[in-house]
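Chemist: have a look; sequence and predicted model below, questions after that.
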Amino acid sequence: MVPKKGGQKIGRDAESPSLKRGFTMKRISLVLALLFLLVSNSHAGRIGWTNYTEEDGLSSNNIDEIAIDSQGNVWVAALRGLNKFNGLTWEIFTEEHGLATGSPTAIEIDSKGNIWVGGNGVSMFDGSTWTIYTTTGMSLLSTRVYAIAEDSLGNMWFGFNGWERGVSKYDGNSWTTYHQPGKVDIIAVDSDGIIWFVQHYEGEERAVGGLYKFDGSTWTYYSTEDGLAHLQIGDISFDSNGNVWVGTSGGVCKFDGSTWTTYDTTDGLASNIIRAIAVDSQDNIWAGSYNNQAEYYTTLNKFDGINWSSYPPEDGMLNITSPQCISVDSRGNIWVGGWGGVSMLGELPPQPEISLSVTSLSFGNVNVSSSGSESFTINNEGEEPLVVYSINSNSELFSVSPSSTTIPAGQSQIITINYSPITAGNNSATITMTSNDNNEGTLTVSVSGRGIAPEITLSTTSISIDDVTVGGKNSGSFTISNEGTAELFVSSIISNNAMFTVSHSSATILPSQSQTITVTFSPTTAGEKTATITLVCNDSDETTLTVTVTAIGTAPEISLPNNSVNIGYVAIGSVGVGSFTIVNEGNEQLVVSSISSNNAVFSPIPSSAAVAPNDSQVVMLTFAPVAFGEQTGTITILSNDSDEDSLTVSVTGIGGTIEFACGSDTVYRDSTVNVPISINNSIIAIGGGQFVVTPNAATYVTFEEASTTDRTSGWAVSHSASGDGELILFYSGSGGSISPGSGEILTLTYEISSDAPTGTNITLTISDAKISDENQQSINVTLVHGSLTIGGCPLAGDVT
């Protein structure tokens, strides 16, 4: 850490006429975290000397002190005023502004940024107001203030070089005087808060001089007996290791806290008389040496810790007759002040240097009512910001962005030129730039371009496409032509009806060329259809165009007025007939490719058909049962109807008629009613149901219980002794007369069945029926409900 330094006094040649005033005060400001340009390989600026004198704005060329504030402003104590340099201009403060003295000799900038100025009293400037401290009414020891410093506690210390000897401390409220040092030329504070005082040297005969150290309670004095090379001290500074560097008239002395080491001309110093010293952020030691025997009195010396090197005035520094102060700014520049003015070693005052990437630009062809963009680059190859005051075009067709700019050193700025032609043809302009480049204040770039435009035309704005069957497709077309001078960009070609599709969704058409667009109609439903084809393009006066397309979609439409057919009872061996109708309600021929049945007993006629629009076709159904009982089937119709290509019709019929009737030879007085049924190789089965015995004339039937050997519970099955099958239904009930046409209900409570061998005659016998009339009677047996199955053919319901 570089220690904070107080104001420091630079001793002057004893033979100098100014010796009456003694050594003047100086302030060396060290800025932390510097990368000093003279030792940094990465420094971008040019290194050299820059000089400032009265001609540049200084109040005088006689300089006593230089200090630099946190903003980088350089404060210079000179004859006839306090000077402030902001990097561009000088500003002078005098007694008229509030200074206590017209010729300040010491400057200190405290930790709050206040400027303390010594001379004929003390002046403090807080940035807006001046405050003056004098001996009148205060405890300032003397008005001849030659040194000022702020200690680590914020106390201000003042050293004097007049009849009064000692120093004054001001804590912001009260003053304290110390008489231990005599006349004081320099006050400095190291990183440990120890205050160092350079005592004024009175000459060889009167001597004094030397160095005092005050730690807050104890004063320590260092002289040549302790290791100082000379009692005349010109300056003091500290490095980051805590070493004390002292410039004397016998060379440069380093004190590490216990040992003094001296560097002189034998080590490389230009002269042993050192009037100013400073340490930069890299711990390089800078020393201003004085030699009144040389052509140039002052030489700047640098020690890098190993070797000493010199920067002689002939390289460009002012011929300063006596160096009074050295300060280092935040950029690492070395400021040297003395009798002759101020010289700065470091980065030379920057200058801008403009250069252009091109001197002409061609836009080529650009569409009218659009714009083309080109750019060029302004480079600043100098070391100062390049201020481009204006960038103007002399044509409204060519616009510039930005219109002005400031380009930092070593940087560049892209300038964009937009060309927006409003008519077809050639255009040109000049882009003019004015800047603060002293050598090339005005530069130009010539620009040119050609305005072009597309021109769209359509071969037609309406298309009619021939009729198309639903599911099929047909097409029409139109042509887009470009009669302009620029490419025609058709960015969008869209149909608003999904049944109409376009072959291109966009197109790029060169001048004098064309593009055919095919429109395909693929109807999904029947009827007249319309679509609008919308085109969007870059023709500035016809950005949107439309084409209307019309077409008719045709399609059959199948309809079945009745989707079920009941043919009814058909005797085995006979054929029954039913029908249903197929209707075409569409506007396209209905092709019925297949009419089929899933049951062979049902046959559709015809098996296919072609039905004209708004016409119909009757389909006959034949039923040829091969077995008794109900038969069902499904008739499937396949056609070219796109949404109903398969339809069905259900068909039913009943095969056979069984008559349970008694002839005269089958009615006997032996109490039985026999109903002969002839069956070949089948099974007869009767399920739970009811039978009704109905006589044709008044009949008295007595029902008696059969013997237990003749029946089982309820109903029983038996066979005749002859081996013929005899199905006997035993009935339990009471007898009585049965009126003609009425019947006695016989209830079957469970299923009975009998195997009937081939050729067997099965007789249905109702047993125990006593008939009172001896005459022959006709008796019918009716199946009221239930089931009678013969040979696998079921009968149900009322079957007689």
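Modeler: Great, that's in hand.
Chemist: quick one, what contacts residue 524?
Modeler: Shown in contact with residue 524 (C-beta atoms under 8 Å, 6 or more residues apart in numbering): 470, 471, 499, 553, 642. For the C-beta atoms, the positions are set from N, CA and C on the backbone; glycine is no exception.
Chemist: for it, give its distance to residue 643.
Modeler: Applying C-beta to C-beta, to the nearest Å, the value for residue 524 to residue 643 is 9 Å.
Chemist: how about the contacts of residue 524, which pair is most distant?
Modeler: 499 and 642 (13.4 Å; C-beta to C-beta).
Chemist: any weak-confidence spans in the stretch 651-800 of the chain?
Modeler: The stretch 651-800 of the chain contains residues with pLDDT under 70 at 656-800.
Chemist: these two touch, right, residue 575 and residue 620?
Modeler: No. At 11.0 Å, residue 575 does not count as touching residue 620 under the criterion of C-beta atoms under 8 Å.
Chemist: the nearest residue to residue 197 once chain neighbours are set aside is in what secondary structure piece?
Modeler: Leaving aside its chain neighbours, residue 197 sits nearest to residue 212 (4.1 Å; criterion: C-beta to C-beta, 6 or more residues apart in numbering). Residue 212 belongs to strand 211-214 when assigned by DSSP states H and E.
Chemist: keeping just the C-alphas, turn whatever helix or strand comes next after that strand into PDB.
Modeler: Sequence-wise, the next helix or strand downstream of strand 211-214 (DSSP H and E) is strand 219-222. Provided in PDB are the C-alpha atoms of strand 219-222 (Å, rounded to 0.1, in the frame of the first residue of the first chain):
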ATOM      1  CA  TRP A 219      10.200  13.400  18.400                       C
ATOM      2  CA  THR A 220      13.200  11.700  16.700                       C
ATOM      3  CA  TYR A 221      15.800  13.600  14.700                       C
ATOM      4  CA  TYR A 222      17.900  12.200  11.800                       C
END
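Chemist: next secondary structure after strand 219-222?
Modeler: strand 233-238.
Chemist: counting by contacts, list what the helix or strand that comes right after that following strand packs against.
Modeler: Using DSSP H and E, the next helix or strand after strand 233-238 towards the C-terminus is strand 244-248. In terms of contacts (3 or more C-beta pairs under 8 Å, 6 or more residues apart in numbering; DSSP states H and E), strand 244-248 is packed against strand 233-238, strand 251-255, strand 273-279, strand 285-290.
Chemist: could I get the ones you listed as CSV with distance to residue 384?
Modeler: CSV is the format used below for these (distance: least, C-beta to C-beta, whole Å):
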stretch, distance to residue 384
strand 233-238, 32
strand 251-255, 36
strand 273-279, 27
strand 285-290, 26
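Chemist: and residue 608, how far is that from residue 579?
Modeler: 16 Å.
Chemist: touching, residue 558 and residue 643? I think so.
Modeler: No. With contact defined as C-beta under 8 Å, residue 558 and residue 643 do not form a contacting pair (9.3 Å).
Chemist: the more surrounded of the two?
Modeler: Between residue 558 and residue 643, counting by other C-beta atoms under 10 Å, residue 558 is the more crowded of the two (21 against 10).
Chemist: so how far is residue 616 from the closest residue to that one other than its chain neighbours?
Modeler: With C-beta to C-beta, 6+ apart as the criterion, residue 558 has its nearest non-adjacent residue at 4.3 Å, and that residue is residue 641. According to C-beta to C-beta, residue 641 and residue 616 sit 14 Å apart.
Chemist: show me which of the two is the more surrounded one.
Modeler: Higher neighbour count among residue 641 and residue 616: residue 641, with 23 against 15, using other C-beta under 10 Å.
Chemist: ok, now which ones touch that one?
Modeler: 555, 556, 557, 558, 586, 590.
Chemist: in strands, which of these fall?
Modeler: Those of the contacts of residue 641 mapping onto strands are 558, 590, per DSSP state E.
Chemist: ok, which pair from the contacts of residue 641 is furthest apart?
Modeler: Top of the distance list for those (C-beta to C-beta): 555 and 558, 10.3 Å.
Chemist: anything in contact with each of the two?
Modeler: 586, 641.
Chemist: show me the chain divided up by domain.
Modeler: Per automatic domain parsing, the domain ranges recorded for the chain read 7-347, 354-452, 456-553, 558-655, 664-796.
Chemist: among those, show me which one is buried the most.
Modeler: Comparing the domains of the chain by mean neighbour count (mean count of other C-beta atoms under 10 Å), domain 7-347 comes out on top with a mean of 20.
Chemist: may I have the distance across stretch 331-347, first residue to last?
Modeler: One end of stretch 331-347 to the other measures 8 Å (C-alpha to C-alpha, to the nearest Å).
Chemist: mind listing what residue 559 touches?
Modeler: Contacts of residue 559 by C-beta under 8 Å, 6+ apart are 582, 583, 584, 585.
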